[in-house]
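Trainee: for reference, the sequence and a predicted model appear below.
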Amino acid sequence: MEPSSRTSYAAAGVLSTLAGVAAAHLVAALVDPAASPVLAVGSTVIDLTPTPLKEWAVRELGTADKPVLLASVALGTLAFAGGAGLLARRSARAGAALLLALVALAGVLAVTRPAAGPAAALPAAVAALVGLGVFTLAITRLRDASRANDPSGTPAPGTPEAVLAARASRRSLLIGAGAVTALSAAAAATGHWLAGAGRRIADIVLPRAADPLPPLPAGLEDDHAGISSLQTKTDRFYRVDTNLVVPRVDVDSWRLTIDGDVRQKVELTYDDLLAMPLVERDITLTCVSNEVGGKYVGAARWLGVPLEDLLDRAGVGTKADQLLSTAVDGFTISTPLDVVRDGRDVLIAVGMNGEPLPADHGFPARLVTPGVYGFVGATKWLTRLTLTTYAAKRAYWTKRGWATDAPIKVSARIDTPRPLSTIEPGKTVIGGVAWAQHRGIRRVEVRINGGAWQVARLGPDVGVDYWRQWYLPWDAPTGRHLVAVRAVTLDGDVQTAVRATPFPDGSSGVQEVVVTVA
Ligand SMILES: Nc1nc2c(c(=O)[nH]1)N[C@H]1C(S)=C(S)[C@@H](COP(=O)(O)O)O[C@H]1N2
Ligand SMILES: [Mo]
């Protein structure tokens with residue numbers, strides 16, 4: 001066989017897999033977007049990833065962790081597909097069997113997802129049909145082509161007829177491959193477009209709060225460049241979740257159900273929810289994976305229905321000790337019932353910074369619980385609230401060893417100067433944000449080169465559930481300096497210097513940055 005033949009067989013495996021995956025993606029868009037093979041495999045990898053590896057990925061890759069994972073799954077799949085193609089050079093049946101095994105795996109994973117419906121197997125079935133169809137066709141063509149080059153075939157090798165025949169068969173193979181690629185791309189793109197259709201978020205007009213908050217005061221960022229803005233812009237708000245692609249919820253068929261230990265089960269449509277009295281609250285969210293000085297924290301104005309109003313409608317029983325919230329994809333979060341019922345402003349939020357929640361942040365509705373890390377109180381794409389017990393049900397992260405109750409630890413962050421930066425000597429400021437949600441910040445202190453803790457000036461007070469901007473004017477002398485910061489809560493708790501990793505209930509320690517003044 002000619003040297004290019006191995007490549008051709010491997011390409012046949014890869015192309016037919018691409019065709020199968022693309023067709024499945026299109027069908028998935030129509031029946032159940034998350035059942036698309038790539039997503040089903042990727043999501044399972046996420047769920048099975050051990051906690052230390054996940055922590056590493058969040059730390060080292062940040063929000064790039066998901067593209068990296070998707071690319072790895074895609075590369076692994078294509079390598080496997082290429083292998084199946086090579087195998088088919090010896091035995092077409094063995095190659096096909098290998099591909100079928102790959103599809104079967106994706107199918108099983110799609111069907112066993114927590115939120116999988118009866119249609120979840122359909123995309124894999126289509127992948128098998130299309131993928132194996134293209135594969136069989138391609139392998140048959142390749143065999144014919146190599147037979148045409150074979151000395152035993154007609155016409156005799158080396159004759160002009162043979163050269164022409166070989167060229168023609170190569171051309172038809174290339175055209176076939178091109179057609180498969182183009183059709184696959186079209187199918188995948190259509191699938192993507194379909195999955196994004198429905199009532200568009202941008203077309204939704206939210207009602208106003210019954211008692212709207214005044215606009216926020218001017219923040220320190222106006223006077224001191226580098227300090228995080230008092231309100232985080234929605235498109236700059238950190239995003240943390242287990243989703244490879246965020247759920248696109250069809251708001252017209254979406255329901256919020258409150259069940260479990262309640263007097264009566266309550267079911268609300270999106271419009272029912274919007275018809276309830278809405279409130280506005282300024283609340284800062286923090287992720288438990290945030291390292292000291294990290295960026296997984298953001299402050300926004302949320303519009304929503306007080307959770308208490310919904311619980312009152314349902315009538316909470318006496319047995320429950322946790323509020324188990326479930327997202328549309330089956331992801332779960334447990335929030336201690338005594339936390340959500342202690343009078344704090346827990347919301348079923350529908351709006352963020354004056355707009356409907358974007359898909360990334362939980363459209364159509366999410367839970368917002370001030371004072372606890374996101375993994376115990378900020379369920380996005382919320383669809384069910386179940387009053388139950390910790391003995392009966394364990395949530396996604398609880399099953400993986402993370403804390404059941406996780407109040408946010410007091411923490412201060414230096415935004416400016418940047419770590420390891422070089423700044424000019426003379427008058428400048430050291431500044432940033434500090435948070436201790438639901439306890440509030442009394443004081444922020446800065447220490448330069450191990451000297452005394454100096455009290456920083458604070459920005460506007462937006463309430464105990466919100467972060468506080470701070471700055472310390474500094475006449476920076478030339479040299480290398482070590483700057484540290486810590487915060488003190490309203491109830492006098494001083495941020496500890498004792499370091500803790502994010503696992504299992506949040507990081508601690510004091511941030512120190514090295515700055516060169518020259
Ligand atoms: N459905 C769902 N909700 C979720 C998560 C998730 O993985 N899935 N992650 C939680 C975590 S760990 C955090 S920190 C917050 C982050 O919210 P944000 O992405 O809007 O900043 O969402 C929480 N809600
Ligand atoms: Mo988180």
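Mentor: Sure, I can see it. Ligands and ions are numbered 1, 2, ... in the order given.

Trainee: how about Val111: what's its closest non-neighbour residue?
Mentor: Sequence neighbours aside, Ala120 is the residue nearest to Val111 in space, at 4.8 Å (criterion: C-beta to C-beta, 6 or more residues apart in numbering). Glycine gets a C-beta too; all of them are placed from N, C-alpha and C.

Trainee: actually Asp211, sorry about that
Mentor: Using C-beta to C-beta, 6+ apart and skipping residues adjacent in sequence, the residue nearest Asp211 is Val279, 6.9 Å away.

Trainee: gap between the residue nearest to Arg499 when sequence neighbours are not counted and Gly293?
Mentor: Distances taken as C-beta to C-beta, 6+ apart put Gly509 closest to Arg499, at 3.8 Å, once the chain neighbours are dropped. Applying C-beta to C-beta, to the nearest Å, the value for Gly509 to Gly293 is 9 Å.

Trainee: ditto for Gly343
Mentor: With C-beta to C-beta as the criterion, Gly343 and Gly293 are 32 Å apart.

Trainee: more crowded one of those two?
Mentor: Gly293 (19 against 7; other C-beta atoms under 10 Å).

Trainee: residues from this structure in reach of ligand 2?
Mentor: Val240, Cys287, Val288, Gly374, Phe375 (C-beta under 5 Å from the ion).

Trainee: of the residues you listed - the most surrounded one?
Mentor: Busiest of these [other C-beta under 10 Å] is Gly374, holding 28 neighbours.

Trainee: okay, the residue lying closest to it once chain neighbours are set aside: pLDDT?
Mentor: Using C-beta to C-beta, 6+ apart and skipping the chain neighbours, the partner closest in space to Gly374 is Cys287 (5.1 Å). Here, the pLDDT recorded for Cys287 equals 98.

Trainee: same check, this time on Pro151
Mentor: pLDDT, Pro151: 54.

Trainee: do Gly158 as well
Mentor: Here the pLDDT value assigned to Gly158 is 67.

Trainee: OK, now which residue of the chain is nearest to ligand 2?
Mentor: Distances between the chain and ligand 2 by C-beta to the ion are smallest at Cys287, namely 3.2 Å.

Trainee: and that residue, what does it touch?
Mentor: Cys287 makes contact with Tyr238, Val240, Tyr296, Val297, Tyr373, Gly374, Phe375, according to C-beta atoms under 8 Å, 6 or more residues apart in numbering.

Trainee: does the residue nearest to Arg499 touch Pro502 like I think?
Mentor: No: between Gly509 and Pro502 no contact is recorded; they are 11.1 Å apart, counting by C-beta atoms under 8 Å.

Trainee: between these two, who's got more neighbours?
Mentor: Neighbours were counted for Gly509 and for Pro502 using other C-beta under 10 Å; Pro502 has more, 22 against 18.

Trainee: is the closest residue to that one other than its chain neighbours in a helix, a strand, or coil?
Mentor: Distance criterion C-beta to C-beta, 6+ apart; nearest residue to Pro502, sequence neighbours excluded, is Ser289 at 4.8 Å. Following DSSP: H, G, I helix; E, B strand; the rest coil, the label given to Ser289 is coil.

Trainee: give me the neighbour count for Gly178.
Mentor: By other C-beta under 10 Å, the residues close to Gly178 number 11.

Trainee: Arg6 now?
Mentor: So Arg6, with other C-beta under 10 Å, has 14 neighbours.

Trainee: how about the lowest-mean-pLDDT helix or strand in the chain, does it reach ligand 1?
Mentor: The weakest-scoring helix or strand in the chain, judged by mean pLDDT, DSSP states H and E, is helix 51-61 (a mean of 75). No: applying C-beta under 6 Å from any ligand atom, one finds helix 51-61 out of contact with ligand 1, separated by at least 9.6 Å.

Trainee: buried stuff in that helix?
Mentor: By neighbour count on 16 or more other C-beta atoms under 10 Å, the buried set for helix 51-61 is Lys54, Glu55, Ala57, Val58.

Trainee: just give me the closest of the residues you listed to Val68.
Mentor: Of all the buried residues of helix 51-61, Ala57 has the smallest distance to Val68: 7.6 Å, by C-beta to C-beta.

Trainee: residues contacting the closest one?
Mentor: Going by C-beta under 8 Å, 6+ apart, Ala57 touches Thr49, Asp65, Val68, Leu69.

Trainee: please redo it, this time with the cut-off set to 10 Å
Mentor: Shown in contact with Ala57 (C-beta atoms under 10 Å, 6 or more residues apart in numbering): Ile46, Thr49, Ala64, Asp65, Lys66, Val68, Leu69, Ser289.

Trainee: neighbours of the nearest residue to the fifth one once chain neighbours are set aside, just the number please.
Mentor: Same thing as Lys66. In this structure, Lys66 finds its nearest non-sequential neighbour in Leu244, 5.5 Å apart by C-beta to C-beta, 6+ apart. Neighbour count for Leu244, taken as other C-beta under 10 Å: 20.

Trainee: between the buried residues of helix 51-61, which is closest to Pro214?
Mentor: Nearest to Pro214 out of those is Val58 (C-beta to C-beta; 36.5 Å).

Trainee: do you know how far the closest residue to the closest one other than its chain neighbours is from Pro214?
Mentor: Leaving aside its sequence neighbours, Val58 sits nearest to Ser289 (C-beta to C-beta, 6+ apart; 4.9 Å). With distances taken as C-beta to C-beta, Ser289 is found 34 Å from Pro214.

Trainee: and what of Thr190?
Mentor: With distances taken as C-beta to C-beta, Thr190 is found 47 Å from Pro214.

Trainee: those two - which one has more neighbours?
Mentor: It is Thr190, of Thr190 and Pro214, that has more neighbours when counted by other C-beta under 10 Å, with 15 against 6.

Trainee: give me the element the closest residue to the more buried one other than its chain neighbours is part of.
Mentor: Excluding its sequence neighbours, the residue lying closest to Thr190 (C-beta to C-beta, 6+ apart) is Leu26, at 5.6 Å. In the assignment (DSSP states H and E), Leu26 maps to helix 4-31.

Trainee: can you point out the buried residues in that helix?
Mentor: By neighbour count on 16+ other C-beta under 10 Å, the buried set for helix 4-31 is 8-29.

Trainee: residues of the helix or strand where Arg480 lies that come out buried?
Mentor: Per DSSP H and E, Arg480 falls inside strand 479-489. Neighbour-count burial for strand 479-489, counted by 16+ other C-beta under 10 Å, picks out His481, Val483, Ala484, Val485, Arg486, Ala487, Val488, Thr489.

Trainee: so who does the first one touch?
Mentor: Residues in contact with His481, defined by C-beta under 10 Å, 6+ apart, are Pro417, Ile423, Ile430, Ile448, Asn449, Trp474, Val513, Val514, Val515, Thr516, Val517.

Trainee: and the closest residue to it other than its chain neighbours, how far from Trp397?
Mentor: Computed as C-beta to C-beta, 6+ apart, the closest residue to His481 that is not its neighbour in sequence is Val515, at 5.1 Å. Going from Val515 to Trp397 by C-beta to C-beta gives 36 Å.

Trainee: what's near enough to touch the residue nearest to Asp211?
Mentor: Residues counted as contacts of Val279 (C-beta under 10 Å, 6+ apart) are 209-213, 302-306, 309, 345, 347, 349.

Trainee: please enumerate the strands of the stretch 201-350 of the chain.
Mentor: For the stretch 201-350 of the chain, the strands defined by DSSP state E, counting those that start in this stretch occupy 256-260, 266-268, 279-286, 297-306, 322-327, 332-336, 347-352.

Trainee: so which of the ones you listed is nearest Ile227?
Mentor: Here strand 297-306 is closest among those (C-beta to C-beta), at 12.5 Å.

Trainee: if you count contacts, what does the closest one end up packed against?
Mentor: In terms of contacts (3 or more C-beta pairs under 10 Å, 6 or more residues apart in numbering; DSSP states H and E), strand 297-306 is packed against helix 270-275, strand 279-286, strand 347-352, strand 366-368, strand 426-435.

Trainee: what does the stretch 251-400 of the chain put close to ligand 1?
Mentor: Taking C-beta under 6 Å from any ligand atom, the part of the stretch 251-400 of the chain that reaches ligand 1 is made up of Leu285, Cys287, Gly298, Ala327, Phe331, His361, Gly374, Phe375, Ala378, Thr379, Lys380, Trp381.
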